[in-house]
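Student: Sequence and predicted structure, then a few things I'm wondering about:
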Amino acid sequence: MNLLRTKSIEQSIADSDEPGRKLKRSLSTWDLMIMGVAVAVGAGIFSVGAKAAANFSGPAVTLSFAIAAITCALAIMCYAEFATAIPVAGSAYVFTYATMGELLAWIIGWNLVLELFTAAAVIAKYWGIYLSKVFALMGADIPPALSLGGVDLYWGAFLIVAVFTVLLVLGTKLSARVGNIFTLIKIGVVLFVIVVGFTYVKFENYTPFVPAAEPTGGTGTADVLKQSFFGFLTGAAPAQYGTLGIFAGAALVFFAFIGFDVVATSAEEVKNPQKTLPRGIFGGLALVTLLYILVSLALTGMVSYTQLAEAESPTLTTAFEAVGDTSAAKIIAFGSLVGLTTVIMVLLMGLSRVVLAMSRDGLLPRALSRTSDKHATPARLQIICGAAVALVAGLTNVDLLEEMINIGTLSAFVVVSLGILVLRKKRPDLKPAFRVPFGKVLPILSAVLCLYLMTNLAVETWIFFAIWLAIGIAIYFAYGQRHSRLNDRFREASTAVNGTAAAPLSADQEERTRA
């Protein structure tokens, strides 16, 4: 059993052209750029900055966003180099398979499923809640959940997931066009909020820019579990603000940048990926970073961070209410709803593409990788993913696992950053259209920053993450390793070299080998 066996780049590209499992190249630079903005600028732009300012960074939340953006930019450079060298669906999973071997590729793919599935479910649930708020502002009292036999059913999650599942089945380009319209609307809402917010700015609210660190006042088990993993490892008492608070805030707001690894999963559906992918990804990242920093500056300038900290769940609405502008709540509620809409679409697409890549390789059932003859989309898989997301979002308290999204993303970023070094050493003959500058420095810096942000996530997040990894490894050895197409190819090659008769293949192995 060779757990470090790698899949060649040529084989990955050949597999993406397999009849019945092909995706259609239809996306442009503009589509990719808007896709990045679509998944990154959601309701979080109205809430995540407020939470980070209130509980971790104070006015220095702007630095938290800058640190998160720089970390994301470094990692995305590595993604861009990989994606132009291996322009197929699967993102970090495919990149890891080509450089570090099957077991680690499975773990990264499993983590991507965690990231995308949890994010889609959490945001679908929030979409339903925001929809009810919009109805309430219009005078209609429609609860976000219906009670069925003692179980709360969040009907909005089922609605939005069903709509975008149908659109994604009908075609990626059609989905992108619908997403573009919603994205342009929400950018307009965000710009409106920024302009109005700056009219209320008082410069004294920016001081102290970095609040002095202070203890949270708790020493119980709950406080330890909520403490950052870095603080737990160093034996520090649970605290907030200060320099460490800026990095803890960066780990939280990193949620705002998860969309750009999702964009990389669409590499197989991009026209002229060598040029289109880098331009689309970096253009989207630049716009998103600018919007988030402007929103955070307006937010912390409108009200003191201490006022935000007094709110149970601080948002941008909290700040507008504090300055007496309650009418802005309607705009923010509408913007949140529109913002979440496109996020769900891109996450559902990314989830199906990662599972598609893993099933092509036999690590998940091969039947999942079948694509529609008419629309060239993984229709069956998209419906399965949509149904699973809708059920979890509509029937469970999935928002408890919100930080799992960040740790899944960051773990993939670490491996992709280090994978660039391996790729360059193994395949110096490759000439990708984009190459991370400054040799080994930036990939290593990217890995270190991502790993450090991971340690700033809560202890309980790491515990849940360890459980998820244990489940994934068990599934790999129970199913993935035995059904791997690469395993079959190694088996045939070994038989040819040794000149010995091989054990007869099962019907399933024969089908995988022929495919």
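Tutor: Looks like it came in fine. As the structure is a prediction and not an experimental result, all values here were calculated from the model. Residues are numbered from 1 along each chain as shown.
Student: Now the element after the helix or strand containing Leu184, going C-ward?
Tutor: Following DSSP states H and E, the helix or strand that holds Leu184 is helix 172-198. With elements assigned by DSSP H and E, the helix or strand that comes after helix 172-198 is strand 214-215.
Student: what pLDDT, on average, does that following strand get?
Tutor: For strand 214-215, mean pLDDT rounds to 74.
Student: Show me where the stretch 51-200 of the chain has its helices.
Tutor: 61-85, 92-99, 102-137, 155-170, 172-198 (DSSP state H, counting those that start in this stretch).
Student: Lowest average pLDDT across the ones you listed?
Tutor: Among the helices of the stretch 51-200 of the chain, helix 172-198 carries the lowest mean pLDDT (a mean of 82).
Student: Tell me, how many residues neighbour Gln382?
Tutor: If you count neighbours by other Cβ atoms under 10 Å, Gln382 ends up with 27. Backbone N, C-alpha and C define where each C-beta goes, glycine included.
Student: got a list of what it touches?
Tutor: Thr165, Leu168, Val169, Leu348, Met349, Ser352 (Cβ atoms under 8 Å, 6 or more residues apart in numbering).
Student: where do the helices sit along the stretch 351-500 of the chain?
Tutor: Under DSSP H, counting those that start in this stretch, the stretch 351-500 of the chain gives helices at 379-395, 402-426, 441-455, 459-475, 481-483, 485-498.
Student: Cross-check the contact I'm expecting between Tyr200 and Asp325.
Tutor: Yes: contact criterion Cβ atoms under 8 Å: Tyr200 and Asp325 qualify, at 7.2 Å.
Student: picking up where we left off before, the helix holding Leu184 - contacts with which helices or strands?
Tutor: For helix 172-198, the contact count by 3 or more Cβ pairs under 8 Å, 6 or more residues apart in numbering; DSSP states H and E identifies helix 29-40, helix 155-170, helix 273-302, helix 316-322, helix 328-360 as packing neighbours.
Student: And it, what's buried?
Tutor: Under the neighbour-count criterion of 16 or more other Cβ atoms under 10 Å, helix 172-198 has 172, 175-176, 179-180, 182-183, 185-187, 189-190, 193-194, 196-197 buried.
Student: With stretch 459-470 instead?
Tutor: Neighbour-count burial for stretch 459-470 flags Val459, Glu460, Thr461, Trp462, Phe464, Phe465, Trp468 (criterion: 16+ other Cβ under 10 Å).
Student: burial count for Lys374?
Tutor: 9.
Student: how far away is it from Arg353?
Tutor: Distance from Lys374 to Arg353, counting by Cβ to Cβ, to the nearest Å: 19 Å.
Student: Equivalent analysis for Gln227, please.
Tutor: In terms of Cβ to Cβ, Gln227 sits 36 Å off from Arg353.
Student: Show me which of the two is the more surrounded one.
Tutor: Arg353 (30 against 20).
Student: residues in contact with that one?
Tutor: Arg353 touches Leu23, Ala89, Gly90, Ser91, Thr265, Ser266, Glu268, Pro378, counting by Cβ under 8 Å, 6+ apart.
Student: average pLDDT across stretch 390-402?
Tutor: The model assigns stretch 390-402 a mean pLDDT of 80.
Student: Please disregard the earlier target; I meant stretch 483-495.
Tutor: For stretch 483-495, mean pLDDT rounds to 73.
Student: And stretch 34-47, by the same measure?
Tutor: pLDDT averaged over stretch 34-47 gives 71.
Student: what does stretch 407-415 give?
Tutor: 84.
Student: Use 190 as the first number from now on
Tutor: With the count now opening at 190, the last piece we talked about shows up as stretch 596-604.
Student: which residues touch that stretch?
Tutor: Residues from elsewhere that reach stretch 596-604, judged by Cβ under 8 Å, 6+ apart: 260-261, 264, 267, 280-281, 285, 289, 293, 297, 300-301, 303-304, 307, 443, 447, 450, 635-636, 639-640, 642-643, 646, 650-651, 654.
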